[in-house]
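Asks: Model the following, please.
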Amino acid sequence: MVHSSPISDAQGGGGVQQDETLALLLRVIDSLDALERVQVQLVRELRQLRVAAGEGDEVVDERAHDGFADRCRAFGLTERESQTLAVLLTGATNRKIGRDLGVTERTVKNTLHAVYVKLGVSGRSEAISKTLRNLR
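Replies: Numbering: from 1, shown residues only. Next comes the predicted model:
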């Protein structure tokens with residue numbers, strides 16, 4: 001009975017599949033990199049808006065706040081989830097969100113997970129992007 005070695009199998013027919021897998025992984029990495037660049041740009045723009053409004057952490061415009069609250073309710077977000085999302089939009093880390101809202105970092109992670117599920121996104125960048133698109 002003849003057994004082929006894993007090395008000869010890997011060098012044989014598996015090469016094409018490995019190349020396809022590698023190409024797919026490289027595309028995923030490029031996509032993640034692009035998402036990160038978008039998130040960084042969005043955070044910069046949000047910070048510029050806050051500075052231009054001259055209102056650090058305050059609500060820039062009551063109408064914008066009302067619109068944001070309405071959009072959050074439309075997605076089924078609770079008040080805490082809406083507050084967490086609002087702080088997330090400023091580019092804050094989970095730790096900073098927790099400090100701002102008076103909750104633990106673990107609570108922030110759990111709350112953000114619920115927000116992502118309700119928004120139908122998989123992470124911070126997508127949540128920020130989708131929220132900003134829906135506010136326009």
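Asks: for this structure, which helix is longest?
Replies: Counting residues, the longest helix found in the chain (DSSP state H) is helix 14-53.
Asks: Packing partners of it?
Replies: Helix 14-53 sits against helix 124-135, with contacts defined as 3 or more CB pairs under 8 Å, 6 or more residues apart in numbering; DSSP states H and E. Every C-beta, even on glycine, is put in place using the N, C-alpha and C of the backbone.
Asks: Specify the angle between the helix it packs on and helix 14-53 in degrees.
Replies: Orientation check (axes from the mean of the first three to the mean of the last three CA atoms, to 10 degrees): helix 124-135 against helix 14-53 gives 50 degrees.
Asks: Which of the residues in helix 124-135 are classified as buried?
Replies: Neighbour counts over helix 124-135 (16 or more other CB atoms under 10 Å) mark 124, 125, 126, 127, 128, 131 as buried.
Asks: out of the residues you listed, which one sits closest to residue 33?
Replies: residue 125 (11.0 Å; CB to CB).
Asks: Who are the contact partners of the closest one?
Replies: Residue 125 sits next to 35, 36, 38, 39 when contact means CB atoms under 8 Å, 6 or more residues apart in numbering.
Asks: Repeat the analysis, applying 10 Å as the threshold.
Replies: 32, 34, 35, 36, 37, 38, 39, 40, 42, 43 (CB atoms under 10 Å, 6 or more residues apart in numbering).
Asks: Now, of the residues you listed, which are buried?
Replies: In the contacts of residue 125, the ones that pass as buried (16+ other CB under 10 Å) are 35, 39, 42, 43.
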